[in-house]
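**Q** give me coordinates for this.
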Amino acid sequence: MSLKERITEDMKTAMRAKDAERLGTIRMLLAAMKQKEVDERVELDDTLIVAIVDKLIKQRKDAAQQYEAGARQDLADKEKSEIVVLEAYLPKRLSAEETAAAVKAIVIELGASGPGDMGKVMGVVKQRLAGQADMGQVSAAVKAALAG
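**A** Numbers count the residues shown, from 1 in each chain. Next up, the predicted model:
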C-alpha cells in the first residue's frame, strides 16, 4: 500500500471513529498534497509525500514555539498533537550517530573540504537522507564534517 493510500484509509478510519482532531490533521495533509499535485502537475510518490509531511511538521514545531513564547499553551498543545499524527507517516528516523556517519561518508565520497563545499554536500545529503533524518541535525553534521 502506498503512503497516499494509507493516508486516505486513515482519514476514513478517523471519520468512522469520529476522531475530529486526527481527521482535521489528516485532511490538512491531504490538502497540502493535492495543492502540490495541482501546482506542479505531478503525481505524488512516497518520497514527495514524505517531503510534504516533513515541511508540515517543521511548520507545526515553529508555530508551537511561537505559541509557547506568547504564553498560549493551549494552541501549542494543538500543534504538538498534530505533529504526533503527522510523524506516523514518516519512515524510521536515523539517530544522530547514523546521520553523522552517513554525512561523513558522503563528504569523503565527494572529496569535499571546507565550508565552501557546504552547498554541494547538502544537495547530495538532502537527496539521500530525505525523510530519514532531521535536516537541522543534518546541517549541523555537515558543518562538523567539513570543519574537521
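**Q** which stretches of this protein form helices?
**A** In the chain, the helices defined using DSSP state H lie at 3-16, 20-40, 46-69, 73-87, 96-110, 118-129, 135-147.
**Q** need those in TSV (columns: mean neighbour count).
**A** Placement of C-beta: from N, CA and C, glycine included. What follows is these, written out as TSV (neighbours: other CB atoms under 10 Å):
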stretch	mean neighbour count
helix 3-16	15
helix 20-40	15
helix 46-69	16
helix 73-87	16
helix 96-110	16
helix 118-129	16
helix 135-147	17
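**Q** kindly reformat the ones you listed as a markdown table containing mean pLDDT.
**A** Listed next are the helices of the chain as a markdown table, based on pLDDT from 0 to 100:
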| stretch | mean pLDDT |
| --- | --- |
| helix 3-16 | 93 |
| helix 20-40 | 93 |
| helix 46-69 | 90 |
| helix 73-87 | 92 |
| helix 96-110 | 78 |
| helix 118-129 | 75 |
| helix 135-147 | 76 |
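**Q** any idea how far the spatially most central residue of the chain lies from Leu146?
**A** Most central in the chain under CA atoms, centre = their mean is Asp54, positioned 1.6 Å from the mean C-alpha point. Going from Asp54 to Leu146 by CB to CB, to the nearest Å gives 23 Å.
**Q** and what of Leu90?
**A** Counting by CB to CB, the gap from Leu90 to Leu146 is 27 Å.
**Q** how about Glu5?
**A** Taking CB to CB, one finds Glu5 at 40 Å from Leu146.
**Q** correct me if wrong: the residue nearest to the centre of the chain contacts Ala133.
**A** No: in this structure Asp54 lies outside contact range of Ala133 using CB atoms under 8 Å: 10.0 Å.
**Q** can you list the domain ranges for this structure.
**A** 3-87, 96-147 (automatic domain parsing).
**Q** quick one, what contacts the residue lying closest to Gln73 once chain neighbours are set aside?
**A** Of all residues not flanking Gln73 in the chain, Tyr67 sits nearest, at 7.3 Å (CB to CB, 6 or more residues apart in numbering). Counting by CB atoms under 8 Å, 6 or more residues apart in numbering, Tyr67 makes contact with Gln73, Leu75, Ala76, Glu79.
**Q** cool, thanks, talk later.
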